[in-house]
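A.B. asks: got a sequence here, can you build the structure:
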Amino acid sequence: MVQKYQSPVRVYKYPFELVMAAYEKRFPTCPEIPVFLGSEILHESKSDDGAIHIIERSCKLNVDAPRLLKKIAGVEYVFFIQKNTVNWKERTLRIEAHNETFANRVVVLETCSYSVHPENEEWTCFEQSASLDIKSFFGFESTVEKIAMKQYTSNIKRGKEVIEHYLKELISQGITFIPRWTPPVAHGQKAEQAPASSHDTNDAPLESGAHGATKEQTGSSCPPAEPVSPDADKLDADYIERYLGQLTPMQESCLIRLRQWLQETHKGKIPKDEHILRFLRARDFNIDKAREMLCQSLSWRKQYQVDYILQSWRPPALLDEYYTGGWHYQDRDGRPLYILRLGQMDTKGLVKALGEESLLRHVLSINEEGQKRCEENTNLFGRPITSWTCLVDLEGLNMRHLWRPGVKALLRIIEVVEDNYPETLGRLLIVRAPRVFPVLWTLVSPFINENTRQKFLIYSGNNYQGPGGLVDYVDKEVIPDFLGGDCMCTVPEGGLVPKSLYQTDEEPENADHIRLWTETIYHSASVLRGAPHEIVVEILEGESVITWDFDILKGDVVFSLFHSKRAPETGHKEAMLPSSSAAGDNVQLIDKTWVLGVDYSRMESPLVCREGESIQGSHVTRWPGFYILQWKMHGPLPCSGSSLPRVDDVLASLQVSSHKCKLIYYYEVLASKDFRGSMSSLESCNSGFSQLSGVTTSSSQSQSSSHLSR
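C.D. replies: From the prediction side, this is the model:
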């Protein structure tokens, strides 16, 4: 397996020429880097005007490896070839390095670059990437991989410290300004060349760019000149530390690589950095597992329109009165504090009166609000706040809370939150736990992630008071009055829900349209092998526009559009109406006796849609009649040869059954005068998974041409 590393952008608040002077002090030897024993120049060349300077060196390294392994390998040191190309005119340095020792067994490639900060020409940016591919190493491949990655990561940040060390050394010597490269003067003109190192600090003060504006709010200290720049939206180290927290070099690399993968497969539509980081933490920074978990969550968010829940969800009055939870200031670490008086909540009454889905949607809105409050507190306190604290009061908990449907609802809520809001809970403080609590804990704890369980602190009786209790985590001034504090808390006191408000047996749970899948405008369908799903749209006059929007949740399908003058015969006549398609239904309309080209005709070429894709498109009708939208199963497509798999490749590996595909869809018929998009036909594109990101693609962009955009 090839191990990869990608650094964030690191910024030196010094001019490029001064940074280059500090960099050259590392050669031929560098006591500041003990592993670097020395170097020898193999080749050196300059361009005629002196703008390009190329140096190729052989570098000798002392790898910290067990003596036995060195003896088996038969080497004491390893040698690398490093090629440095500095362009004084463009003010860039490109470093390319590869191993010379064991080149047929191990391939190490490293690329580094120094360049001028796009927004402040007195600052210098540094980026670094590397890969390690161990083909064979005397049966010690795994050991060598661990040693190599440990050695490499330990020297990454050390490299920046060394440059800063030599910069300070230059400054202590009075060298604060080095003139930029200028073209050679024409023949016969008087040359007036400044010395390579100047002690005159008045010409260009060292701090001249120290207070330049940075774009930390956007997540990048090196923003692009245009949104389409290939260097768009990079992360720099200062931004990561300020908004995301302290990460190891490999953790930074995982974040950058997963973020880059999302950018490459979903242009302009990626979650926020802190959201991606939560999934990486939940999977111990295993990038493949985090990617799998994140893809499933983004698909879930779109299917149930979770991105809009804070705008669309209005809790019923019953919840406002009887749901005993609410936000209450923050804890000592600046985390938003949520208080839940679970012991005072009539969970049985709420489930009977509102249903499981209403409670789930309410909990989702709480989690969405929690993420929003974390962002606000990050800006308020000037440090990363990525999770919140939950204070649960269990006074009043009894066997009524162990009602089986209520526990079932709780377990489902826990499952949904664990899958889609990982690492959002910073700490859970449980106080006044009664004797019945161990029974409830035994039921729910297996469904809680181990990392989450480690954040639980449980207090029984009154031992939450005093040292070691709540005051260690929550300021005394904000401890609620019902827990012995002086702060008035507005969380509802709860009580028993009147039975008169319970839903009757004839009154289904979704009577008030609170079920997740009934509030969505989408309809769901299954596509079986040999049994496509089809819907028919009757057009009474020409020049109408059929529009569609569908997501492939499972499997690969082929989407086609047909036209027939004959009305299809089917028992599912309600499928002709967009609002009445039953969830999970499979409808076949094209009779097996029909002949393509005779009884019906294909209006557009088939479109292969991969699992996880979201497709929007439109078709301008030319004739009246019956238009049939068809989704049928498609065999797996070969994987592309790119180094990074696409979203569809990841999701395809998750497919449980090869005999069933699932999709959700929405379609609408518009008069051509009401349709503001392009008038070309079958204009489909991938819309991405989610609206988590603030950057989206407008519908006019997605329908700007007749070719497929992937």
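
A.B. asks: distance from the biggest helix by length in the chain to the middle of the chain?
C.D. replies: Criterion DSSP state H: the longest helix present in the chain is helix 141-172. Once both centres are worked out by Cα atoms, centre = their mean, to the nearest Å, helix 141-172 turns out to sit 28 Å from its chain's centre.

A.B. asks: so where's the stretch 401-550 of the chain uncertain?
C.D. replies: When the per-residue scores of the stretch 401-550 of the chain are filtered using pLDDT under 70, the ranges that remain are 504-522.

A.B. asks: now the helices: where do they sit in it?
C.D. replies: If DSSP state H, counting those that start in this stretch is used as the criterion, the helices of the stretch 401-550 of the chain fall at 404-420, 437-444, 450-453, 516-519.

A.B. asks: other SSEs contacting the helix or strand following the longest helix of the chain?
C.D. replies: The first helix or strand that comes after helix 141-172 along the chain, using DSSP states H and E, is helix 237-239. The criterion is 3 or more Cβ pairs under 8 Å, 6 or more residues apart in numbering; DSSP states H and E, and the helices and strands that helix 237-239 contacts are strand 10-12. All C-beta spots, glycine's among them, are computed from the backbone N, C-alpha and C.

A.B. asks: residues of whichever helix or strand comes after the strand it packs on that come out buried?
C.D. replies: Once the chain leaves strand 10-12, the next helix or strand it forms, by DSSP H and E, is helix 16-24. With burial defined by 16 or more other Cβ atoms under 10 Å, the residues of helix 16-24 counted as buried are Phe16, Glu17, Leu18, Val19, Met20, Ala21, Ala22, Tyr23.

A.B. asks: and for stretch 593-605?
C.D. replies: Buried positions in stretch 593-605, judged by neighbour count with 16+ other Cβ under 10 Å: Tyr600, Met603.

A.B. asks: same check on stretch 464-478?
C.D. replies: Of the residues in stretch 464-478, Tyr464, Gln465, Gly469, Leu470, Tyr473, Val474, Val478 count as buried by neighbour count, 16+ other Cβ under 10 Å.

A.B. asks: tell me how far it lies from the chain's centre.
C.D. replies: Using Cα atoms, centre = their mean, we find the averaged C-alpha position of stretch 464-478 to lie 35 Å away from the chain's own average C-alpha position.

A.B. asks: quote the end-to-end distance of that stretch.
C.D. replies: Using Cα to Cα, to the nearest Å, one end of stretch 464-478 lies 15 Å from the other.

A.B. asks: could you do stretch 524-534 as well?
C.D. replies: End-to-end distance for stretch 524-534, by Cα to Cα: 12 Å.

A.B. asks: just how off-centre is that stretch within its chain?
C.D. replies: Taking mean C-alpha positions (Cα atoms, centre = their mean), stretch 524-534 and its chain are 32 Å apart.

A.B. asks: now it: buried residues?
C.D. replies: Ser524, Ala525, Ser526, Val527, Pro532, His533, Glu534.

A.B. asks: closest one to Ser131 among the helices of the stretch 401-550 of the chain?
C.D. replies: Nearest to Ser131 among the helices of the stretch 401-550 of the chain is helix 450-453; the distance by Cβ to Cβ comes to 29.6 Å.

A.B. asks: and that closest one, what's buried?
C.D. replies: Judged by neighbour count using 16+ other Cβ under 10 Å, the buried positions of helix 450-453 are Thr452.

A.B. asks: do I have it right that Pro316 meets Leu354?
C.D. replies: Yes: with contact defined as Cβ atoms under 8 Å, Pro316 reaches Leu354; the gap is 6.4 Å.

A.B. asks: neighbour count winner among these two?
C.D. replies: Neighbours per residue, other Cβ atoms under 10 Å: of Pro316 and Leu354, the larger number sits with Leu354, 25 against 17.

A.B. asks: confidence score at that one?
C.D. replies: In this prediction, Leu354 carries a pLDDT score of 90.

A.B. asks: ok, it - contacts?
C.D. replies: Pro316, Leu318, Leu319, Gln503, Ile514 (Cβ atoms under 8 Å, 6 or more residues apart in numbering).

A.B. asks: kindly report the same for Thr621.
C.D. replies: Ile539, Gly542, Glu543, Ser544, Val545, Ile546, His563, Tyr627.

A.B. asks: ok so, going back, for the buried residues of stretch 524-534, give me a markdown table that also has distance to Glu127.
C.D. replies: Written out in a markdown table, the entries for the buried residues of stretch 524-534 read as follows (distance: Cβ to Cβ, whole Å):
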| residue | distance to Glu127 |
| --- | --- |
| Ser524 | 45 |
| Ala525 | 47 |
| Ser526 | 47 |
| Val527 | 45 |
| Pro532 | 49 |
| His533 | 48 |
| Glu534 | 51 |
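
A.B. asks: just name the closest of those to Phe126, please.
C.D. replies: Ser524 (49.5 Å).

A.B. asks: ok, what's across the strand from the closest one?
C.D. replies: Using DSSP bridges, the beta-bridge partners of Ser524 come out as Ile664.

A.B. asks: test my guess that it contacts Ile664.
C.D. replies: Yes: taking contacts as Cβ under 8 Å, Ser524 lies within contact range of Ile664: 4.9 Å.

A.B. asks: what's the separation between Lys46 and Val19?
C.D. replies: As judged by Cβ to Cβ, to the nearest Å, Lys46 and Val19 stand 20 Å apart.

A.B. asks: and the helices of the stretch 401-550 of the chain: which comes nearest Glu252?
C.D. replies: Among those, helix 450-453 comes nearest to Glu252, with 20.1 Å by Cβ to Cβ.

A.B. asks: who's in contact with the closest one?
C.D. replies: Arg281, Ala282, Glu418, Glu423, Leu425, Leu428, Ser445.

A.B. asks: let's have those residues in a markdown table, adding neighbour count and distance to Ala409.
C.D. replies: Conversion of the contacts of helix 450-453 to a markdown table gives the following (neighbours: other Cβ atoms under 10 Å; distance: Cβ to Cβ, whole Å):
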| residue | neighbour count | distance to Ala409 |
| --- | --- | --- |
| Arg281 | 19 | 28 |
| Ala282 | 22 | 23 |
| Glu418 | 15 | 15 |
| Glu423 | 20 | 24 |
| Leu425 | 23 | 19 |
| Leu428 | 18 | 19 |
| Ser445 | 14 | 17 |
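
A.B. asks: reformat these as TSV; add distance to Pro28.
C.D. replies: Output for the contacts of helix 450-453, formatted as TSV (distance: Cβ to Cβ, whole Å):
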residue	distance to Pro28
Arg281	42
Ala282	46
Glu418	55
Glu423	46
Leu425	53
Leu428	56
Ser445	60
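
A.B. asks: Lys4 is in contact with Met149, correct?
C.D. replies: No: taking Cβ under 8 Å as the definition, Met149 is not a contact partner of Lys4, at 10.5 Å.

A.B. asks: now do the shared contacts for the two.
C.D. replies: When Cβ under 8 Å, 6+ apart defines a contact, the residues bordering Met149 and Lys4 alike are Leu132.

A.B. asks: now do the phi/psi pair for the residue nearest to the spatial centre of the chain.
C.D. replies: The C-alpha lying nearest the average C-alpha coordinate of the chain belongs to Ile276 (Cα atoms, centre = their mean; 3.0 Å). Main-chain torsions, Ile276, degrees, to the nearest 10: phi -60, psi -40.

A.B. asks: what sits against it?
C.D. replies: Leu255, Leu258, Arg259, Leu262, Ile270, Leu294.

A.B. asks: counting neighbours, which of the residues you listed comes out on top?
C.D. replies: Taking other Cβ under 10 Å to define a neighbour, the member of the contacts of Ile276 with the most is Leu294, carrying 28 neighbours.

A.B. asks: in what helix or strand does the residue nearest to that one when sequence neighbours are not counted lie?
C.D. replies: Counting by Cβ to Cβ, 6 or more residues apart in numbering, Leu294 lies nearest to Phe279, which is 4.5 Å off, once chain neighbours are set aside. According to DSSP H and E, Phe279 maps onto helix 273-282.
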